[in-house]
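Trainee: Give the three-dimensional model of this entry:
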Amino acid sequence: MESLSDRLKSLGFKTASTVQPPQKSGLKSLEEIISADVVTNSLGSFLVRNELFPYGYQHGNVVFSDSFLSEKIHQAAKLQRSGVPLNSLLFLDTETSGLSGGSGSFAFLIGIGSFSDHGFNLQQLVIRDPAEEGSMLLHFINTVLSDSVFVTFNGKSFDIPLLQNRLVVNRLPGNVRNNSHIDVLHLSRKLWRGHLPSCSLKELEVEILRTERSEEEVPGWMIPEIYFDYLRTGDTEKLSNVVYHNAQDVVSLAALFIHISNLLEKNSDLDEFKVNDLLSVGKIFLDLKSVDIAEKVFLKCLEHSLSDEEKITANNQLARIFKNNHEPQHAVQYLIDAANAGSYEACIELAMYYEHQLKDIFSAISWTEKARSIIENITPGYRMQKVCAELEKRRNRLKRKESEKNV
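Mentor: Residues are numbered from 1 along each chain as shown. Predicted coordinates:
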């Protein structure tokens, strides 16, 4: 008896994997618009667009080179391995059918960047139809080696989990969660969260890399809608802008990686860096237990003309270094400078030092009262109310000790 499948085939029906996306009349194909090649493997076909950014290419204020060092950024990202060669890094960014990354979302574009002998190679994998997802993912998983290290911007939370889910859905082997991973968003927050409105890639491009995108740029929130419009109409113009958006994301990611690497590695020549960068770099070196370098960085900050906030940060960190090194007498002057710049925390530290180390109750009361006067000018909140209450208790206790001493 003839099966339903055989009857459908006799009527001209084809399986989804063999159906090519319809070409709308009068419109150029996507491969023509974005200068991509059609690649075919055992699961079907998809598009691959290649672009080389040769060494010497400048992206904003960052020059691409194969001579920069990256060991410190690996340490800051807490990689479990050392000595990662430059060509093992895979700079990854995806464009997806949904912004939430839910179970129904899929990547229709995967941008992969890597360093080679000739420069920074960008490879963009694009599917013209959701039926091509399996063939694109097969190519992607064959690109990822066991020693590949992903470099992403928020990829730990979004790109990698989404791609792993789609590998499972398509019954493809491999677990990209097992690969080492450097998420540049997390490092950027450590460096610039305190003095930038946000740490979005767009903000970092303008404020840190000093570069802006062309008119081809499209907002990220529009991308899923643009892809579905393409599927409905075959109009490739807006989708080509999405390809440009993805290319800029990957190249900016690599530029940011180089910039942060230089910040962390060039600790012998600190004159070229801004104070904000130096303050953040010093904190990272403290996290890495590189105390000598951190001290050098914070001392360099004090050579600049600083705002009160910058003075507080640099002096408090230097005081912390000397205190942890059991040199409280050296920490005191930095605490005094921080307190005079408006740090109530430094005032409290000084009150404790004068009370317990020098047995100078009068000075301890003075620094306690200075802390209270600083807090009075801070926007009230639960935390400040709690600190105020603790200072009042400290002041009353010190006053009693002073009275007992004078009896």
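Trainee: Report the contact partners of the residue positioned nearest the centre of the chain.
Mentor: Centroid check for the chain by C-alpha atoms, centre = their mean gives Leu185 as the closest residue, at 1.3 Å. Going by C-beta atoms under 8 Å, 6 or more residues apart in numbering, Leu185 touches Thr152, Phe153, Asn154, Cys199. C-betas here are computed from N, CA, C, even on glycine.
Trainee: let's see it at 7 Å
Mentor: Leu185 makes contact with Phe153, Asn154, Cys199, according to C-beta atoms under 7 Å, 6 or more residues apart in numbering.
Trainee: Can you name every helix or strand that whichever helix or strand Ala338 is part of contacts?
Mentor: According to DSSP states H and E, Ala338 maps onto helix 328-340. Contacts defined by 3 or more C-beta pairs under 7 Å, 6 or more residues apart in numbering; DSSP states H and E place helix 328-340 against helix 308-324, helix 344-356.
Trainee: would you turn these into CSV with mean pLDDT and distance to Pro130?
Mentor: Output for the helices and strands packed on helix 328-340, formatted as CSV (pLDDT from 0 to 100; distance: least, C-beta to C-beta, whole Å):
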stretch, mean pLDDT, distance to Pro130
helix 308-324, 95, 50
helix 344-356, 95, 55
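Trainee: Now do the closest residue in space to Gly342 that isn't next to it in sequence: how many residues are near it, please.
Mentor: Of all residues not flanking Gly342 in the chain, Asp308 sits nearest, at 5.3 Å (C-beta to C-beta, 6 or more residues apart in numbering). Neighbour count for Asp308, taken as other C-beta atoms under 10 Å: 12.
Trainee: thinking Asp308 is in contact with Ala339, fair?
Mentor: No: counting by C-beta atoms under 7 Å, Ala339 is not a contact partner of Asp308; they are 11.1 Å apart.
Trainee: With Glu217 as the reference, measure out to the residue nearest to the centre of the chain.
Mentor: For Leu185, the distance to Glu217 (C-beta to C-beta, to the nearest Å) stands at 20 Å.
Trainee: go on, Val281?
Mentor: Distance from Val281 to Glu217, by C-beta to C-beta: 30 Å.
Trainee: which of those two has more neighbours?
Mentor: Ranked by neighbour count (other C-beta under 10 Å), Val281 and Glu217 place Val281 first, with 27 against 14.
Trainee: low pLDDT regions in the stretch 151-300 of the chain?
Mentor: Scanning the stretch 151-300 of the chain for pLDDT under 70 picks out 267-269.
Trainee: what mean pLDDT would you report for the longest strand anywhere in the chain?
Mentor: Ranked by residue count under DSSP state E, the longest strand found in the chain is strand 44-54. For strand 44-54, mean pLDDT rounds to 98.
Trainee: ok, it: who's next to it in the sheet?
Mentor: strand 37-41 (antiparallel), strand 119-126 (antiparallel) (DSSP bridges).
Trainee: Which element is encountered next along the chain beyond that strand?
Mentor: Next in line after strand 44-54, if elements are assigned by DSSP H and E, sits strand 58-59.
Trainee: Which strands or helices does the helix or strand that comes right after that next one pack on?
Mentor: Toward the C-terminal end, the helix or strand that comes next after strand 58-59 (DSSP H and E) is strand 62-63. For strand 62-63, the elements it packs on are helix 237-265, judged by 3+ C-beta pairs under 7 Å, 6+ apart.
Trainee: which of the residues in the helix it packs on are buried?
Mentor: 238-264 (16 or more other C-beta atoms under 10 Å).
Trainee: Give the buried residues for the next helix-or-strand element following that helix.
Mentor: Moving toward the C-terminus from helix 237-265, the first helix or strand encountered (DSSP H and E) is helix 275-287. By neighbour count on 16+ other C-beta under 10 Å, the buried set for helix 275-287 is Val275, Asn276, Asp277, Leu278, Leu279, Ser280, Val281, Gly282, Lys283, Ile284, Phe285, Leu286.
Trainee: coming back round to it: want to try TSV for the helices and strands packed on helix 328-340, with distance to Pro85 as columns?
Mentor: As requested, the helices and strands packed on helix 328-340 are exported to TSV (distance: least, C-beta to C-beta, whole Å):
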stretch	distance to Pro85
helix 308-324	34
helix 344-356	43
